[in-house]
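*Asks:* Provided below for reference: sequence and predicted model.
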Amino acid sequence: MNNTNETFLGRLGKEPELAYTPKQKAVCTLSVAVNHKVGEDENTEWVKVKVWERQAELCKVQLKKGSQIFVNGKREKKEFTNKDGKHVVYNEVNAQLVGFSNV
């Protein structure tokens, strides 16, 4: 599941986090809970989403914990070794489009 394009609907699990790169490019990190139902079973997948530039700044202003959003973007597999020497693997979506309603 490396570099696949996908669209999903979910809710923010915490407040959006806005930061700027050294070249002053805005990046907003979102933690999105996506519910999957298979038969009678339902589970929640937490997806880390990165939103860039003007759209990132709008997400910080318009969204809050609990907001329902849809995301279209590329899922990328990330890997690193943490300070305890443990190998960590996670998925991150670089959003091309984030949609929400502030109604």
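*Replies:* It's in. All figures in this text were calculated on a predicted structure; none of them were measured in a lab.
*Asks:* Can you get me a residue count around Ala29?
*Replies:* Ala isn't right for residue 29; it's Thr. Applying other CB atoms under 10 Å, we find 17 residues neighbouring Thr29. In this view, the C-beta of every residue, glycine as well, is placed from N, C-alpha and C.
*Asks:* For Glu17, see how far away it is.
*Replies:* For Thr29, the distance to Glu17 under the criterion CB to CB, to the nearest Å works out to 5 Å.
*Asks:* Which residue ranges of the chain form strands?
*Replies:* With DSSP state E as the criterion, the chain has strands at 4-12, 17-20, 26-38, 41-52, 68-81, 87-100.
*Asks:* Just send the ones you listed back as TSV, with mean pLDDT too.
*Replies:* Output for the strands of the chain, formatted as TSV (pLDDT from 0 to 100):
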stretch	mean pLDDT
strand 4-12	92
strand 17-20	98
strand 26-38	93
strand 41-52	92
strand 68-81	93
strand 87-100	91
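*Asks:* closest one to Lys60 among those?
*Replies:* Nearest of the strands of the chain to Lys60, taken as CB to CB: strand 17-20 at 4.0 Å.
*Asks:* helices and strands around that closest one, which ones?
*Replies:* In this structure, strand 17-20 packs against strand 26-38, helix 53-62, with contacts taken as 3 or more CB pairs under 8 Å, 6 or more residues apart in numbering; DSSP states H and E.
*Asks:* So which residues make contact with it?
*Replies:* Outside of strand 17-20, the residues that reach it under the criterion CB atoms under 8 Å, 6 or more residues apart in numbering are Ala26, Val27, Cys28, Thr29, Leu30, Ala56, Glu57, Cys59, Lys60.
*Asks:* can you do 10 Å?
*Replies:* Here strand 17-20 makes contact (CB atoms under 10 Å, 6 or more residues apart in numbering) with 25-31, 51, 56-57, 59-61.
*Asks:* which neighbours do Thr29 and Glu17 share?
*Replies:* Shared contacts of Thr29 and Glu17, defined by CB under 10 Å, 6+ apart, comprise Ala56, Cys59, Lys60.
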